[in-house]
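Asker: any chance you could fold what I've pasted below:
(chains A and B)
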Amino acid sequence: MYRLYRALYTILAGTVLAASGCILQASLRNPLVDHYVLGTGSGALFAVYATLLVLDHVTLWIISLAAAIGGLSALAATILIAESISGSDIAYVLSGIGVTSLFSGLSVLLLYYVSSRCGYASLMLTGTFIQSRLENLPYALIAAILVVLGYVVLAKRLNVVMLGDDHAAQLGVDPGLTRLLASIIAGVSASIIVSQFGVIGFLGLVTPHTARFLLKTSDNRLVIPPAMALGSLLLFTTDTLSRSLVARVVGEVPAGAVISAIGAPFFLVLLVRRFRGGFT
Amino acid sequence: MISIKSLSVRYKSSGVVALRDVSIDIPSNKVTCILGPNASGKTTLLKAIAQLINYDGVVEVNGRDARGIISELRRMLSCSSTLEELDLLGVTVLDVLVYSRYPASRGFFTSEEDLRRVSEVCERLGLSDLVSRRLGELSAGELQRVVLAAALVKDPKVLLLDEPDGHLDVYSKTWLSSFLREISSRVTIVLSTHDPLFASMTCDYYVVLSRGRVVFTGFHDELLRNTSLLKRVYNVSFTSISIGGLRVLIPLNQSAYRDKLMRQ
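Answerer: Residues are numbered from 1 along each chain as shown, chains lettered A, B, ... in the order given. Modelled structure (predicted):
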């Protein structure tokens, strides 16, 4: 049963993080972001550690709620800072780096205190499925349902918002409201995943671009489902490899670390192409 | 069809009054030109008609206050707007046109009707070979045509175009002029431009703005008889010449150039 849960959670987490990345990129018109780059992941993790530190008896429900609040607060901080300095895609990346650094640093500080209460707390820094249990199922399912609802409600509107605020407004789509709704759905769903399995970076960055490249379109109605499938496949494969192959040599490596090793170079390639005027 | 009464716009952030007490009637199924130099309020007037900014006064469409019929207005009125840089998100010309069908598109996915209309517009505007191109791969003139196509795909009854002649070469301007005249029998067009030559080639009715105020409204012949007004507004002398039976406005320096050519 453990292996079944673990496989199921990699699939659900991959689905959620990929959809969250698609929604954030489209709503912010920014190809360089996902929940990790925008600081949502580290904000949620900090809130999880802080809850573990402050409360004696914590339930997964409380941890998830705290993660959602922490993740959304970090996302809001990144957006506000980025908009105050220019609102460009690079401003978002730089603000995200600042917010991520702040909450990552604070999380590491808290880790010294909470590691005695939560055995796998340190593995959550890079994302792990080692603690997969039946109790995680409702939270993973809630996050998945949230992004599916987000897809149905927002995908068509996000297409319009991508063309610019003036264009969206004259077509009858409120860009501010759409962006707010998209940020809440993407931020809360990704934060819930963080509360259960830790921070898995760059998955939400890589999969939307891969889906767009394969389908040769930016249409979120068409891109989000295959991106979710790719996210599931990538996370399931890396977790299986790190559990079965790598573990025989060096012990189990968190799946999030493997994803980051793939995703970070991809992010750098995007950054270079952004400045050289190339395409994905 | 469109009636504007005592319209004023003040930008709260800067305190600048962009339009002062503008009252005009825009005739149906004609090409109306909002003419004026930079910062005269042309774009602001178009945005106010499109209900994209706050204003004091009244904009009536078919006798009804536009503020009360916003959702209907979104279907029947198109306002051209610049497209964002979206290369890394992979937005193609086809994507832009399909997304711009939003108020007229039914259902979650792109319908056959959406694709048929997009295809018609692409064919009409010579964009069929460009549909799979990304926006960053287009020239400024091609991008301008995409902006026009995006405004047309929802089959509007009113078309507001902000400087549609910008970035266009002479051939494209001439083509655009005759295209707009051709569709004006079915669509009420209001466009803004800096260029009196393009305006006089294209438009039936003129609203001249200067520093946010209306200084002239009238039809083609009335404007051409009133070149002294244009001199005051633009600080440049104009003259009118006849090309193929159509009288157009040209700045006097161009007129001198024409005389020089004729002497040679």
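Asker: every contact and neighbour count from this point should use C-alpha atoms.
Answerer: Fine.
Asker: if I pick the residue in chain A that chain B sits nearest to, what's in contact with it?
Answerer: Nearest residue of chain A to chain B (C-alpha to the nearest C-alpha) works out as residue A:218 at 5.2 Å. When contacts are counted by C-alpha atoms under 8 Å, 6 or more residues apart in numbering or on different chains, residue A:218 touches A:159, A:212, B:89-92, B:95.
Asker: quick check: the two most widely separated of those residues?
Answerer: Maximum pairwise distance among the contacts of residue A:218 (C-alpha to C-alpha): 13.0 Å, between A:159 and A:212.
Asker: show the contacting residues for whichever residue of the stretch 101-250 of chain B sits closest to chain A.
Answerer: Closest approach between the stretch 101-250 of chain B and chain A, counting by C-alpha to the nearest C-alpha: residue B:103, at 6.1 Å. Applying C-alpha under 8 Å, 6+ apart, we find residue B:103 in contact with A:171-172, B:74-75, B:154.
Asker: got those residues as CSV, with neighbour count columns?
Answerer: Compiled in CSV, the contacts of residue B:103 are given as follows (neighbours: other C-alpha atoms under 10 Å in any protein chain shown):
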residue, neighbour count
A:171, 27
A:172, 20
B:74, 22
B:75, 21
B:154, 27
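Asker: just checking, residue B:252 touches residue B:236?
Answerer: Yes. Using C-alpha atoms under 8 Å, residue B:252 makes contact with residue B:236 at a distance of 7.4 Å.
Asker: what does the stretch 51-200 of chain B put close to chain A?
Answerer: Selection of the stretch 51-200 of chain B residues close to chain A by C-alpha under 8 Å from any C-alpha of the partner chain yields B:51-52, B:71, B:74-75, B:78-84, B:86-92, B:95-96, B:99-100, B:102-103, B:108-109.
Asker: tell me where the stretch 51-200 of chain B has helices.
Answerer: With DSSP state H, counting those that start in this stretch as the criterion, the stretch 51-200 of chain B has helices at B:70-76, B:93-99, B:112-125, B:140-152, B:170-183, B:196-202.
Asker: how about JSON lines for those helices, with mean pLDDT added?
Answerer: Below are those laid out as JSON lines (pLDDT from 0 to 100):
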{"stretch": "helix B:70-76", "mean pLDDT": "94"}
{"stretch": "helix B:93-99", "mean pLDDT": "96"}
{"stretch": "helix B:112-125", "mean pLDDT": "96"}
{"stretch": "helix B:140-152", "mean pLDDT": "93"}
{"stretch": "helix B:170-183", "mean pLDDT": "93"}
{"stretch": "helix B:196-202", "mean pLDDT": "92"}
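Asker: just name the most buried of those helices.
Answerer: helix B:93-99 (a mean of 25; mean count of other C-alpha atoms under 10 Å in any protein chain shown).
Asker: check the offset of it from the chain's centre.
Answerer: 20 Å (C-alpha atoms, centre = their mean, to the nearest Å).
Asker: tell me the helices and strands packed up against that helix.
Answerer: Helix B:93-99 sits against helix A:137-161, helix B:112-125, helix B:140-152, with contacts defined as 3 or more C-alpha pairs under 8 Å, 6 or more residues apart in numbering or on different chains; DSSP states H and E.
Asker: any low-confidence regions in the stretch 51-200 of chain A?
Answerer: Along the stretch 51-200 of chain A, segments meeting pLDDT under 70 are nowhere present.
Asker: quick one on the thing from earlier: need the helices and strands packed on helix B:93-99 in TSV with distance to residue B:217, can you?
Answerer: Below are the helices and strands packed on helix B:93-99 laid out as TSV (distance: least, C-alpha to C-alpha, whole Å):
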stretch	distance to residue B:217
helix A:137-161	36
helix B:112-125	31
helix B:140-152	26
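Asker: among the ones you listed, which is nearest residue A:30?
Answerer: Using C-alpha to C-alpha, the nearest of these to residue A:30 is helix A:137-161, at 11.5 Å.
Asker: I'd say residue B:39 and residue B:211 touch.
Answerer: Yes. Using C-alpha under 8 Å, residue B:39 makes contact with residue B:211 at a distance of 6.8 Å.
Asker: ok, the two, which is more surrounded?
Answerer: residue B:211 (18 against 13; other C-alpha atoms under 10 Å in any protein chain shown).
Asker: right, and that one touches residue B:35 too?
Answerer: No. Counting by C-alpha under 8 Å, residue B:211 sits too far from residue B:35 to count as a contact (11.6 Å).
Asker: so which elements touch the strand or helix carrying residue A:83?
Answerer: Of the helices and strands defined by DSSP states H and E, residue A:83 is found in helix A:60-85. Applying 3+ C-alpha pairs under 8 Å, 6+ apart, one finds that helix A:60-85 makes contact with helix A:40-54, helix A:89-114, helix A:175-197.
Asker: point out the most buried one among the ones you listed.
Answerer: helix A:40-54 (a mean of 28).
Asker: assumed residue B:32 was part of a helix.
Answerer: No. According to DSSP: H, G, I helix; E, B strand; the rest coil, residue B:32 belongs to no helix; its state is strand.
Asker: still on that earlier bit, hey, what's in contact with both of residue B:39 and residue B:211?
Answerer: With C-alpha under 8 Å, 6+ apart as the test, residue B:39 and residue B:211 both reach residue B:18.
Asker: give me the buried subset of the residues of the stretch 51-200 of chain B next to chain A.
Answerer: Neighbour counting over these (16 or more other C-alpha atoms under 10 Å in any protein chain shown) leaves B:51-52, B:74-75, B:78-81, B:83, B:86-92, B:95-96, B:99-100, B:102-103 as the buried ones.
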